[in-house]
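# just coords:
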């Protein structure tokens, strides 16, 4: 009897340990959040080393967006392919923890689309935060490694499932199933985005039809006939409804009636307006390269209610918004985010040798002028250098926010950022003590460190500085 009791005590102790471990990993019970007052969008901007990183935008009304951090990246992946796309913002039910999960993919950074589809990363990239401002180092979460013949992991999303008390994480993987090799959407459960249950097929349209992008929104009681609505990109933008996150799902229709199909748009991204029961389904116009388009509805489960608003009623900011997600913000969250990422000050660049003149762009050429009109032509933001190098800066135009001062053949012009490494290097500088007056500043080139920005007959150049006149012409002051 004593031996049986000893074994029983050991079993109970082990069970207690397992229970306590599971409880510690399980998110807190959902708490009532403060009223929402704004919106935060996480997105990427395009196929470049800086574009395929985490970018943020803010909106007060859900339709007019302002780029945070002056349109520059806010988080850079240092793991996997060192590039990320398709970020999803996830808040814990208690509102005390946040995650960003993203595709581990960097097109043009040593990998092309064929490689990415057929032998890509099986991982997702994850960051964690307690305040939406300070983020952990990124880590890799292997989600497709156990899928037979799984070749990649794309377009992740996650939603809290109250029925199981954890998150349903879902993404697309290209794999062979029943003899058909294609992208399907898989799902798994997780409590912490560090480990997952065995992946299961979530969406398989049958035949050769692929499904890659999908996002779920929870709808309040009294709106439509389903608690959850799912928008997916296959050959259409397919709308489905269910009363359970894990299904079964009922096809409700698509958006072909308003001229939007899977051949034109992708990356569905839901937003529920804070002050009313109305939703926007943002769709990435990938075929035309125009970024997100909002589609409005008062009933997500009724495809016939969707409509495209007038073009002047929305604005997506200065950068192209690609496949991402939106988080409704409380006032406290919004204040923290804006305090950290709203942007840098607007500066003018005053010449030391002609102190009535300022650096300005005119027809994309760059020179010194007095009495600049319009005044925004002489206004710039000093943002982190496009190369990502510590201590480097770039000059971002105020009135053309995707344009930067860059040298080209040692002449200067204002050009749109094309995402190339060459552009990033040509547009990145180090601020040093003024060559003619140490209380002013000079700017040394990153890729030609023996050359500085200077004006010559009022035209901006990148030159070797060897005499007193050159030192005068290469010295400037930043003014408001």
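That came in fine, so what should we check first? Quantities reported herein were computed from a predicted structural model and do not represent experimental measurements.

# what bits of the stretch 351-480 of the chain have low per-residue confidence?
Of all residues in the stretch 351-480 of the chain, those with pLDDT under 70 make up the ranges 401.

# residue ranges of the helices in it, please?
Secondary structure of the stretch 351-480 of the chain by DSSP state H, counting those that start in this stretch: the helices cover 421-426, 468-473.

# Please convert those to JSON lines, extending it with mean neighbour count and distance to residue 45.
Where you see a C-beta, it was placed from the backbone N, CA and C, and this is true even at glycine. Formatted as JSON lines, the helices of the stretch 351-480 of the chain follow (neighbours: other C-beta atoms under 10 Å; distance: least, C-beta to C-beta, whole Å):
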{"stretch": "helix 421-426", "mean neighbour count": "20", "distance to residue 45": "14"}
{"stretch": "helix 468-473", "mean neighbour count": "18", "distance to residue 45": "35"}
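
# can you give me the strands in the stretch 351-480 of the chain?
With DSSP state E, counting those that start in this stretch as the definition, the stretch 351-480 of the chain shows strands at residue ranges 358-362, 365-369, 380-384, 392-397, 403-408, 411-416, 429-433, 441-445, 452-456, 459-463, 476-479.

# Looking at the helices of the stretch 351-480 of the chain, which is nearest to residue 251?
The minimum distance between residue 251 and these falls on helix 421-426, with 45.1 Å, by C-beta to C-beta.

# Please work out which residues outside the closest one touch it.
Applying C-beta atoms under 8 Å, 6 or more residues apart in numbering, the external contacts of helix 421-426 come out as 49-50, 385-388, 404, 406-408, 415, 417, 446-447.

# For those residues, give me CSV that also has neighbour count and distance to residue 157.
Compiled in CSV, the contacts of helix 421-426 are given as follows (neighbours: other C-beta atoms under 10 Å; distance: C-beta to C-beta, whole Å):
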residue, neighbour count, distance to residue 157
49, 20, 25
50, 23, 24
385, 20, 33
386, 28, 30
387, 20, 32
388, 15, 28
404, 24, 33
406, 26, 37
407, 22, 42
408, 13, 41
415, 19, 36
417, 24, 29
446, 21, 38
447, 16, 39
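
# Now flag whichever of these is closest to residue 315.
residue 417 (19.6 Å).

# circling back to that earlier point, any chance of the strands of the stretch 351-480 of the chain in JSON lines, with distance to residue 263 too?
Shown next, in JSON lines, are those (distance: least, C-beta to C-beta, whole Å):
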{"stretch": "strand 358-362", "distance to residue 263": "39"}
{"stretch": "strand 365-369", "distance to residue 263": "41"}
{"stretch": "strand 380-384", "distance to residue 263": "36"}
{"stretch": "strand 392-397", "distance to residue 263": "35"}
{"stretch": "strand 403-408", "distance to residue 263": "32"}
{"stretch": "strand 411-416", "distance to residue 263": "27"}
{"stretch": "strand 429-433", "distance to residue 263": "43"}
{"stretch": "strand 441-445", "distance to residue 263": "45"}
{"stretch": "strand 452-456", "distance to residue 263": "47"}
{"stretch": "strand 459-463", "distance to residue 263": "45"}
{"stretch": "strand 476-479", "distance to residue 263": "48"}
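
# just to revisit the earlier point, need the helices of the stretch 351-480 of the chain in TSV (columns: distance to residue 86).
Shown next, in TSV, are the helices of the stretch 351-480 of the chain (distance: least, C-beta to C-beta, whole Å):
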stretch	distance to residue 86
helix 421-426	23
helix 468-473	47
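
# closest one to residue 453 among those?
helix 468-473 (9.4 Å).

# For the closest one, enumerate the helices and strands it packs against.
In this structure, helix 468-473 packs against strand 452-456, with contacts taken as 3 or more C-beta pairs under 8 Å, 6 or more residues apart in numbering; DSSP states H and E.

# ok, back up a step: tell me the two of the contacts of helix 421-426 that are most distant?
The distance between the two most remote of those (C-beta to C-beta) is 20.8 Å, for 388 and 408.

# Break down the protein into its helices, ranges please.
Using DSSP state H, the helices of the chain run over 2-25, 113-118, 331-341, 421-426, 468-473.

# And residue 247, how far from residue 203?
Using C-beta to C-beta, to the nearest Å, we find residue 247 at a distance of 9 Å from residue 203.

# The two: who's more crowded?
Taking neighbours as other C-beta atoms under 10 Å, residue 247 and residue 203 compare with residue 203 leading, 22 against 14.

# Show the contacting residues for that one.
Neighbouring residues of residue 203 by C-beta under 8 Å, 6+ apart: 184-185, 211, 214, 232.

# Residue 443 touches residue 430, doesn't it?
Yes. Using C-beta atoms under 8 Å, residue 443 is in contact with residue 430, at 7.1 Å.

# Would you mind putting the contacts of residue 203 into a markdown table with neighbour count alongside?
Below are the contacts of residue 203 laid out as a markdown table (neighbours: other C-beta atoms under 10 Å):
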| residue | neighbour count |
| --- | --- |
| 184 | 21 |
| 185 | 24 |
| 211 | 21 |
| 214 | 22 |
| 232 | 26 |
